[in-house]
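[1] A predicted structure for the sequence below; I have some questions about it.
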Amino acid sequence: MAVWLEIIVRTLVAVVVLFGLTKLLGKRQISQLSLFEYITGITIGDLAATVSIDVNSDWYLGMIAMAVWASISLGIEFIQIKSKKGRNFIDGSSTVLIQNGKILEDNLKKEKLTNEELLEQLRKKNVFKAAEVEFALIEPDGEINVLLKKEYQPITPSHLGIKVAPEPEPQAVILDGEIMDEPLATLGFNRQWLNTELQKLGVTLDNVYLGQVDGYGQFYVDLYDDLLQVPEPQEKPYLLAQLKKCEADLEMFALSIKDPIGKKMYGDCSTQMIQIINQVKPILSQ
């Protein structure tokens, strides 16, 4: 066999084996890899490259070496799953860097972090003042997680006592100018509805790069032509405005009517309408 042809065959075999071993070892992200997993990935990749071009050695020896490295990695993963002590020994454990708002200098030295590096990591979490941090720790993968003090945490609907309905999953109904019938049917719509929505926006199907429908039936598009401005859907703001108008009308009736029974009825309806508006406002304001 010619050398160039042998290299092609070796490379194809190495790619297939490497792909299989990668699928076998899992699909953790680079930032989630332990030190040994990182070393294993580099070594297996180097072995695959060697098998491809080293025509003077037997190719199967490189395959055996790759399989041994993959087996060791699988064995270590099994130990990590079954034993917390083994997991702590191999991956390490989290280290507290800030506790009760106080930076722990000894732990910084232990993790070989400088105060500048700590501040840099805090800025990546949108924290620019260390005094705002209640608790921070560095995970085994090197990621720093931060808990802000109560007074610096963002306000959420739960802080205001507002119950928010679960957000239904949006569906992509147009991809690369092609209608996706399955997600469209999942939302309970059809092509006729979709074509009507496109006509409302004044765009054609072949100019739509991405079209999505959220769980409330709002249709959004991204066009191939970035210079075209697509108007935002106005159904939600319009509905919210109508509800507020109804509440204002009920309140006006309650103030203007003289009959005590009617005044009470309109007043109660106005109160109920305010409660309804408060419940749906987080959804209709999105």
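    Yep, it's here.
[2] where does the stretch 151-286 of the chain have low pLDDT?
    Along the stretch 151-286 of the chain, the model assigns pLDDT under 70 to residues 157, 159-160, 162, 164-165, 230-238, 284-286.
[3] check contacts around residue 207.
    177, 223, 224, 225, 228 (C-beta atoms under 8 Å, 6 or more residues apart in numbering). Every residue, glycine included, has its C-beta placed from N, CA and C.
[4] with adjacent residues omitted, what lies nearest to the fourth one?
    Nearest residue to residue 225, sequence neighbours excluded (C-beta to C-beta, 6 or more residues apart in numbering): residue 207, at 6.1 Å.
[5] and stretch 99-112, C-alpha only, in CSV?
    This file holds the C-alpha atoms of stretch 99-112, laid out as CSV (Å, rounded to 0.1, in the frame of the first residue of the first chain):
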residue,chain,number,x,y,z
GLN,A,99,-17.7,34.6,54.1
ASN,A,100,-20.1,37.0,55.8
GLY,A,101,-18.6,39.8,53.6
LYS,A,102,-15.0,39.1,54.8
ILE,A,103,-12.3,38.0,52.3
LEU,A,104,-10.5,34.9,53.6
GLU,A,105,-6.9,35.7,52.6
ASP,A,106,-5.5,32.3,53.7
ASN,A,107,-8.0,30.5,51.3
LEU,A,108,-6.9,32.8,48.5
LYS,A,109,-3.3,31.8,49.1
LYS,A,110,-4.4,28.1,49.2
GLU,A,111,-6.1,28.4,45.8
LYS,A,112,-3.1,30.5,44.5
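[6] and it, average pLDDT?
    When pLDDT is averaged along stretch 99-112, the result is 89.
[7] which residues sit against stretch 163-178?
    When contacts are taken as C-beta under 8 Å, 6+ apart, the neighbours of stretch 163-178 outside the stretch itself are 157, 179-180, 183-184, 186-187, 189, 194, 205-216, 219, 221, 224, 279, 282-283.
[8] and residue 63, how far is that from residue 44?
    For residue 63, the distance to residue 44 under the criterion C-beta to C-beta, to the nearest Å works out to 11 Å.
[9] what of residue 278?
    Distance of residue 278 to residue 44, computed by C-beta to C-beta: 58 Å.
[10] so which of those two has more stuff around it?
    The neighbour count for residue 278 versus residue 44, taken as other C-beta atoms under 10 Å, is higher for residue 44 (22 against 13).
[11] the more buried one should be in a strand, yeah?
    No: going by DSSP: H, G, I helix; E, B strand; the rest coil, the assignment for residue 44 is helix, not a strand.
[12] can you tell me the SS state at residue 86?
    Secondary structure of residue 86, reduced to three states by three-state DSSP: helix.
[13] strands paired with the host helix or strand of residue 174, and their directions?
    With secondary structure defined by DSSP states H and E, residue 174 is part of strand 171-175. Strand pairing for strand 171-175, determined by DSSP bridges: strand 178-179 (antiparallel), strand 208-213 (antiparallel).
[14] just give the number of residues close to residue 73.
    Once other C-beta under 10 Å is used to define contacts, residue 73 is seen to have 22 neighbours.
[15] for residue 67, see how far away it is.
    Distance from residue 73 to residue 67, by C-beta to C-beta: 11 Å.
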